[in-house]
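J.: using only what follows, build the 3D model:
(2 chains)
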Protein chains: 2
Amino acid sequence: MNIQQLLGIELPIIQAPMAGVQDHRLAIAVSNAGGLGSLPCAMLSPENLSQALRVIQESTDRPFNVNFFCHHVPAPDHSREALWRKTLTPYYEIFGIDSETIPTGPGRQPFSREIVDILEPFRPPVVSFHFGLPEPALLDQVKSWGSKILASATTVEEAIWLERNGADAVIAQGVEAGGHRGMFLTEDPTTQMGTFSLLPQIIDAISLPTIAAGGIASSEGVTAMLQLGAAGAQIGTAYMLCPEATTSRIHRQALRSSTARHTALTNVFSGRPARGIVNRIMREIGPFCDTAPPFPMAVSAMAPLRAAAEKQGSGDFSPLWAGQNTSGCREISAAEITLNLAGLPLSG
Amino acid sequence: MNIQQLLGIELPIIQAPMAGVQDHRLAIAVSNAGGLGSLPCAMLSPENLSQALRVIQESTDRPFNVNFFCHHVPAPDHSREALWRKTLTPYYEIFGIDSETIPTGPGRQPFSREIVDILEPFRPPVVSFHFGLPEPALLDQVKSWGSKILASATTVEEAIWLERNGADAVIAQGVEAGGHRGMFLTEDPTTQMGTFSLLPQIIDAISLPTIAAGGIASSEGVTAMLQLGAAGAQIGTAYMLCPEATTSRIHRQALRSSTARHTALTNVFSGRPARGIVNRIMREIGPFCDTAPPFPMAVSAMAPLRAAAEKQGSGDFSPLWAGQNTSGCREISAAEITLNLAGLPLSG
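T.: Now for the predicted structure:
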């Protein structure tokens, strides 16, 4: 079964949810073009989530996807946090930041009962999860509305786990993909495979439709993945220069420059491995830093550095998320990108 | 131009040269089946190289490839070597190995004037290089015989360099590939991209035919890469269980087991990053070990551990080279693998 059949969409294209660089506008544009638009929800307050869902339902009658994180929030660990701030102290000094004034806290909320209650009246056609799946009672409730469940697997073992635990389709997230690795059964970065290796092995191991993600940037790339047995393709990076994305000016500049050719997995922005364009802080304390606290606890202490540097026009401390293949990034509408990826001419 | 036109072969399939697990027999079988068989030559003595070339020319009238390394042999560094042996001392003790008796030395010879003289009477149709290209005078001489030159690129920058320096086609070696990374302009493992990201970016950057390598294990995989613009596909791992390969019993067992699903890049066997199935020594001192001396100097000190462990039936200290996608490994003839990869039925 392909994703057009499973999700009721026209094209085999899912726009990857990308927290921090997009809101409902990108999702609406992609859904209206015949793909599956996605809203990243992990950083939205309850009010903003409701509001975004209302706008999406008013703006499209096509299926759309809401994406959530399923991490476990670690208990506060003051000594760990102190160590992390000590690592960042030389940078606080550059910007004259008083580290005593920086709030602590998780910064990213996992899927919860409260979110289920917000979603219920909207019955979103598709709900996708990163870092595993929510607890069974919550998942069952979401499924009872008829929502289709997608979730990311970065290893064959994770794909098998997702199939056993209620996903309707699995996203094979190859190591090329930008942003956070969805890994949840392992913390070992060496387990992460290229899309071209991961996809066929997951297809062999499970009977659910498997969606390819990571490194796809053109209609040839989409066709190649379908050829390899994918039920569809999920693409993020190619949408980041669209006018409908909220990608910052600094982030857009980096994506357009040749520095975008060098990305790396890093834990310095959030505590979890995520792929971004290599910048100063990744180079100097990373890309993997032992003192970074577990996800999402690393975020708070980095935030004021990012803000201060961006105010000066610098992306030295910003998570410049991007996949390994930025060749699909173009400053054209999300509808145009979607149709291009599907190998279709622009209609009308 | 595809590789059939460039190299005068029937099928878009190159058998990747794999030092340590194959000799002329695999190369002959693949060339006779219509692909390009490859002989890994970096570990052959001058006599053995001549002998293998004679046997190949007697056994096939189709094009074949001889592969060489182009590394710079580092000057002996006794303090570095002592540090490396100190790292391995606990393991020497397990097997009762006297580290004083272990010879030092490079173990792998780079391409040289002597090799050019050996090759000249054979005028091999294709010569491929890993770790860059030989010096211009040697390369020009090889090209003067009409030999076509292939070389591996692991980054866009390396592909551009190879085009400028005389390669006839570039092998885009994605990070999924087994064995040694061909990297030569960078030592930074974060620059290494998945095949699906690397291939289109190299195709965009150069005008030479570009061959896809890394993670390809089926005719669908080959077709997908051709779809993405590859001039052909180079495949190694899928041939490792063939009767014509010399893969050890221990290595074959690992490839057939689910442990093959977890490979990693490691420098502990040779001093250069190479992908193999994760085993004890990689887990305990690696996968990257700071005390490993530069390629190929790490080989000598590891060799007696490998020999002693293999004698006991253990692959704990062996380089179990494999790509990230072992799903194409089958115990069938190399001709059958070649035709399968090309999507053709077995003839006759």
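J.: flag every residue of chain A that's near chain B.
T.: Contact residues (Cβ under 8 Å from any Cβ of the partner chain) of chain A with chain B: A:155-156, A:174-176, A:190-191, A:193-198, A:200-201, A:204, A:214-218, A:220-221, A:223-225, A:227-229, A:261-265, A:278, A:287, A:323-325, A:327. The way it works is simple: take the backbone N, C-alpha and C, and place the C-beta from them, glycine included.
J.: in ChimeraX, how would I select the buried members of these?
T.: Buried members of the residues of chain A next to chain B can be picked out in ChimeraX with the line below, counting by 16 or more other Cβ atoms under 10 Å in any protein chain shown:
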select /A:155,156,174,175,176,190,191,193,194,195,196,197,198,200,201,214,215,216,217,218,220,221,223,224,225,227,228,229,261,262,263,264,265,278,287,323,324,325,327
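J.: tell me where the model's unsure across chain A.
T.: A:105-107, A:347-348 (pLDDT under 70).
J.: where exactly do the helices run in it?
T.: A:3-7, A:24-32, A:46-59, A:78-95, A:113-119, A:136-144, A:156-164, A:195-205, A:219-227, A:249-256, A:280-285, A:298-311, A:334-341 (DSSP state H).
J.: quick one: closest of those helices to residue B:336.
T.: Residue B:336 sits nearest to helix A:195-205 of all the helices of chain A, at 19.1 Å, using Cβ to Cβ.
J.: and the angle from the closest one to helix A:219-227?
T.: 30 degrees (axes from the mean of the first three to the mean of the last three Cα atoms, to 10 degrees).
J.: may I have helix A:195-205 exported as CSV, CA atoms only?
T.: In CSV, the C-alpha atoms belonging to helix A:195-205 read as follows (Å, rounded to 0.1, in the frame of the first residue of the first chain):
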residue,chain,number,x,y,z
THR,A,195,18.7,5.9,3.7
PHE,A,196,19.7,3.6,0.8
SER,A,197,20.8,0.9,3.3
LEU,A,198,18.1,1.4,5.9
LEU,A,199,15.1,1.5,3.6
PRO,A,200,15.4,-2.0,2.0
GLN,A,201,16.3,-3.6,5.3
ILE,A,202,13.2,-2.2,7.0
ILE,A,203,11.0,-3.1,4.1
ASP,A,204,12.3,-6.7,4.4
ALA,A,205,11.7,-6.8,8.2
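J.: against which helices or strands is that helix packed?
T.: For helix A:195-205, the elements it packs on are helix A:156-164, strand A:169-173, strand A:210-213, helix B:195-205, helix B:219-227, judged by 3 or more Cβ pairs under 8 Å, 6 or more residues apart in numbering or on different chains; DSSP states H and E.
J.: tell me the angle of it relative to helix A:156-164?
T.: 50 degrees.
J.: just how off-centre is helix A:195-205 within its chain?
T.: Taking Cα atoms, centre = their mean, to the nearest Å, one finds helix A:195-205 lying 20 Å from the centre of the chain it belongs to.
J.: tell me the contacts of residue A:60?
T.: Residues in contact with residue A:60 (Cβ atoms under 8 Å, 6 or more residues apart in numbering or on different chains) are A:28, A:31, A:32, A:37.
J.: including distance to residue B:88 and neighbour count, could these go into CSV?
T.: Below are those laid out as CSV (distance: Cβ to Cβ, whole Å; neighbours: other Cβ atoms under 10 Å in any protein chain shown):
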residue, distance to residue B:88, neighbour count
A:28, 60, 23
A:31, 58, 29
A:32, 62, 17
A:37, 55, 32
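J.: can you add distance to residue A:83 and give the helices and strands packed on helix A:195-205 back as TSV?
T.: Shown next, in TSV, are the helices and strands packed on helix A:195-205 (distance: least, Cβ to Cβ, whole Å):
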stretch	distance to residue A:83
helix A:156-164	30
strand A:169-173	30
strand A:210-213	34
helix B:195-205	35
helix B:219-227	45
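J.: quick one: closest of those to residue A:254.
T.: Among the helices and strands packed on helix A:195-205, helix B:195-205 sits nearest to residue A:254 (Cβ to Cβ), with 16.3 Å.
J.: re the thing from before, turn the helices of chain A into CSV, columns for distance to residue B:248.
T.: Formatted as CSV, these follow (distance: least, Cβ to Cβ, whole Å):
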stretch, distance to residue B:248
helix A:3-7, 43
helix A:24-32, 51
helix A:46-59, 57
helix A:78-95, 45
helix A:113-119, 54
helix A:136-144, 46
helix A:156-164, 25
helix A:195-205, 23
helix A:219-227, 34
helix A:249-256, 47
helix A:280-285, 40
helix A:298-311, 44
helix A:334-341, 45
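J.: quick one, which of those gets closest to residue B:273.
T.: That would be helix A:195-205 among these, by Cβ to Cβ, at 16.9 Å.
J.: and the angle from the closest one to strand A:169-173?
T.: Counting by the same axes, to 10 degrees, helix A:195-205 points 150 degrees away from the direction of strand A:169-173.
J.: show me the contacts for the nearest residue to residue A:25 once chain neighbours are set aside.
T.: With Cβ to Cβ, 6 or more residues apart in numbering or on different chains as the criterion, residue A:25 has its nearest non-adjacent residue at 4.6 Å, and that residue is residue A:244. Taking Cβ under 8 Å, 6+ apart, we find residue A:244 in contact with A:22, A:25, A:26, A:28, A:29, A:333, A:334.
J.: I'd like to know how far residue A:244 sits from chain B.
T.: Distance of residue A:244 to chain B, computed by Cβ to the nearest Cβ, to the nearest Å: 24 Å.
J.: quick check: phi and psi at that residue.
T.: phi -80, psi -10 (degrees, to the nearest 10).
J.: give the burial count for the residue nearest to residue A:89 when sequence neighbours are not counted, as a bare number.
T.: Residue nearest to residue A:89 in three dimensions, not counting chain neighbours: residue A:99, with 6.7 Å by Cβ to Cβ, 6+ apart. Residues lying near residue A:99 (other Cβ atoms under 10 Å in any protein chain shown) number 15.
J.: circling back to that earlier point, in the contacts of residue A:244, find the pair that's most separated.
T.: Taking Cβ to Cβ as the measure, the contacts of residue A:244 have their most distant pair in A:22 and A:333, spaced 13.6 Å apart.
J.: who has more neighbours out of the two?
T.: residue A:22 (27 against 15).
J.: burial check on the residue nearest to the more buried one when sequence neighbours are not counted, number of neighbours?
T.: With Cβ to Cβ, 6+ apart as the criterion, residue A:22 has its nearest non-adjacent residue at 4.8 Å, and that residue is residue A:245. Residues contacting residue A:245 under the criterion other Cβ under 10 Å number 20.
J.: so who does residue A:245 touch?
T.: A:18, A:21, A:22, A:26, A:239, A:334.
J.: roughly how far does it sit from chain B?
T.: For residue A:245 relative to chain B (Cβ to the nearest Cβ), the value is 20 Å.
J.: residue A:345 is in contact with residue A:339, isn't it?
T.: Yes - Residue A:345 lies in contact with residue A:339 (Cβ atoms under 8 Å); the separation is 7.1 Å.
J.: higher neighbour count, these two?
T.: Comparing residue A:345 with residue A:339 by other Cβ under 10 Å, the one with more neighbours is residue A:339, at 20 against 6.
J.: from chain B, how far off is the more buried one?
T.: Distance from residue A:339 to chain B, by Cβ to the nearest Cβ: 19 Å.
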